[in-house]
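**Student:** Sharing a sequence plus its predicted fold:
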Amino acid sequence: MTIILMSKHSYMLINGILWLSILMKGAYTLSQTSILRKQQVPVGPVSSKILINFSPSTTVQKLTEDDFMIPLHKFEFVDLGDLFSIATKCPNDEYPEYSTDIIGVVEDFEHVSSIKTKFGQMNIVRFRITDGRNSHKVSIWGDLAVKAENDYNKAVETPVIAIVMSTRLKTYKSSVQISSLPSSKIYLNMDSDSVVAMRYRLKEEGYTVSQQSTGTPQEPVVQKKHFFRIVKDQNVEEADWWYNSCSDCEGEVEKVEGKLTCTNCTNKTIAVPEKRYRIVILAEDSSEAYNFILMDRATRHLTGMTATKMQSEMLKAS
């Protein structure tokens, strides 16, 4: 048996009647009758060359309980500062091997309009996406444009942070233009660790939108109290209790020339790092005292939440 996390945007339905009723977001166990093949289609939604094909004899069974250790969404974000180099690797009249996932703040949002294209009349929404350092134009087409406008009008928290999945990159006059594909998805102010991490970084760096200041947040006192309740008779030192990690190798990333970089992955720029626990604990009794470190997996089991989610709860409480 193989445990697989199914995602709406990472599979193609060949026999829709057979699979549409049973494929939903969540964790599933699949029998070994599924077939692995090499991906041959362009603009693949993930950077893996492996395709999992379901045969008529494949059986699917949903797990009875959710496993919070498995993320509900998985994106492969590219730093906005690296988009130009990626876009120039493939001519505008050709399709790249893989599509691109991006995350950033929505600026200069234009309402949906209808324009004439070679495919007929199509809806389009345009806006700019920025990470506080780089900014690019985005065009969302078709029914997804209508959804984007509806979601934008409903968004309450500012700045509005967008995740645009499976995009195509083009260049025009030394600038990058981002457009949606039929497989694209867009999420605004998604309840995810990636959005929380970006919102926290923007506040740290003083990003402002609509004349609303987002200064550096105060260190919440609830941080220490929370862990006192979890680790009884033990103290959490006041040093940092989390670190930024690479989503690929899980190693600690460093800030190089203003960008978070993973030196283990050939200096790969990390657009949105994953926060992981690393807590120094002092355990003592009447006779002795010891320091030990609680790493991410053990702490997640204790707290029932990720480090990014914990940080988000602290920000809400402050």
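**Tutor:** Arrived safely, thanks for sending.
**Student:** who's in contact with Glu250?
**Tutor:** Applying Cβ atoms under 8 Å, 6 or more residues apart in numbering to Glu250 gives the contacts Glu274, Arg276. From N, CA and C alone the C-beta is placed, and that goes for glycine too.
**Student:** Which strand runs longest in this protein?
**Tutor:** strand 175-188 (DSSP state E).
**Student:** angle of the next helix or strand after it against strand 175-188?
**Tutor:** Read in the C-terminal direction, the helix or strand following strand 175-188 is helix 193-204, with elements assigned using DSSP states H and E. An angle of 120 degrees separates the directions of helix 193-204 and strand 175-188 when computed by axes from the mean of the first three to the mean of the last three Cα atoms, to 10 degrees.
**Student:** what's helix 193-204 packed up against?
**Tutor:** Contact analysis of helix 193-204 by 3 or more Cβ pairs under 8 Å, 6 or more residues apart in numbering; DSSP states H and E lists strand 100-107, strand 161-172, strand 274-284, helix 307-317 as its packing neighbours.
**Student:** and the last one, which residues are buried?
**Tutor:** Read that as helix 307-317. Within helix 307-317, the residues scored as buried using 16 or more other Cβ atoms under 10 Å are Ala307, Thr308, Lys309, Met310, Gln311, Ser312, Glu313, Met314.
**Student:** and if you look at the longest one?
**Tutor:** Within strand 161-172, the residues that qualify as buried by neighbour count (16+ other Cβ under 10 Å) are Ile161, Ala162, Ile163, Val164, Met165, Ser166, Thr167, Arg168, Leu169, Lys170.
**Student:** got it, and the shortest one?
**Tutor:** Buried residues in strand 100-107, counting neighbours by 16+ other Cβ under 10 Å, are found at Thr100, Asp101, Ile102, Ile103, Gly104, Val105, Val106.
**Student:** Surely the last one touches Ile161?
**Tutor:** Pointing back at Val106 there. Yes: in terms of Cβ atoms under 8 Å, Val106 counts as a neighbour of Ile161; the distance is 7.3 Å.
**Student:** intersection of neighbour lists for those two?
**Tutor:** With contacts defined as Cβ under 8 Å, 6+ apart, the residues adjacent to both Val106 and Ile161 are Leu188.
**Student:** So, low pLDDT: which residues of the stretch 1-150 of the chain?
**Tutor:** Counting by pLDDT under 70, the stretch 1-150 of the chain contains low-confidence residues at 1-51, 63-71, 92-96.
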